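Undergrad: with the input below, show me the fold.
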Amino acid sequence: MNFFEYYDYLSNISDSEIYNLIKKFLIRDHFGYFVDENYFQAVYEQARKRKPNLFYDALQDALVTIHNWDYNMSETKVIEIKRIDYLNDYEIRELISTIGAAKKNPPLDFSNLKHTAIDDIFGIKSENMLFCRVGGDSMIKANIYDGSTLIIDTGKAPKNDEIVVIAINDELFVKRIVFGMGKIALISENDAYEPYEIRNDDNYKIIGVVKHIIQNL
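TA: Numbers count the residues shown, from 1 in each chain. As a prediction, the model looks like this:
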């Protein structure tokens, strides 16, 4: 399609499709594939019209994917993020249907599913919810495997011994967190990995607490 047709196309697609297009453009550009700047600018402008944080969130999530494709993935790290707040009711229904059909997950009643019902299904406010797909084997004793999807509550302060997603020096890890004696330790659920104590020079931020683990999403 020509540029004008593309601009009209952008006006008629969902927020999540805009979000995914931004990630696609950024990832392609990073790995050296051609990206038409005019088309990318049109997507950027459409994102700014819709929601203030849409472009920023897509940028941050693209960087997570790029970083973990570039580096060793033996540690359990976040490799993809899905944001519930950019999905419309139909897309929510499709996502929840997939979860309900996933192996070892209980069936879910979504006969009258609305966007606000997500809060009740998972016990998390939708604006505080992230779906994170992870890679690596350092959390297998907690039933978190390579390819598992974690549902994260970003609005909950972590308690001692909970599993969290934590950013350390620009990488997103999944670890059990232990507080004690004014220190923070990150524990793996795999005997092959040593505990890590956060140092004074570490730049870290706890992204959220793992509330649900979904296999084969």
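
Undergrad: domains of the chain: list them as residue ranges, please.
TA: Domain segmentation of the chain under automatic domain parsing yields 1-70, 72-217.

Undergrad: what's the offset of the shortest one from the middle of its chain?
TA: By that I understand domain 1-70. In terms of CA atoms, centre = their mean, to the nearest Å, the centre of domain 1-70 is found 17 Å from the chain centre.

Undergrad: could you give the bridge partners of the spatially most central residue of the chain?
TA: For the chain, Ile81 is the residue whose C-alpha lies nearest the centre (CA atoms, centre = their mean; 2.1 Å). Per DSSP bridges, the residues bridged to Ile81 are Cys132.

Undergrad: contacting residues around it?
TA: Asp61, Val64, Leu130, Phe131, Cys132, Arg133 (CB atoms under 8 Å, 6 or more residues apart in numbering). Every C-beta, even on glycine, is put in place using the N, C-alpha and C of the backbone.

Undergrad: among these, which two are most distant?
TA: For the contacts of Ile81, the maximum inter-member distance is 12.7 Å, found between Val64 and Phe131 (CB to CB).

Undergrad: against Leu87, how distant is Ser14?
TA: 8 Å (CB to CB, to the nearest Å).

Undergrad: isn't Phe122 up against Lys211?
TA: Yes. If you go by CB atoms under 8 Å, Phe122 and Lys211 touch, sitting 6.6 Å apart.

Undergrad: got any residues that touch both of those two?
TA: Ile151.

Undergrad: quick one: the residue nearest to the centre of the chain from Lys141, how far?
TA: 24 Å.
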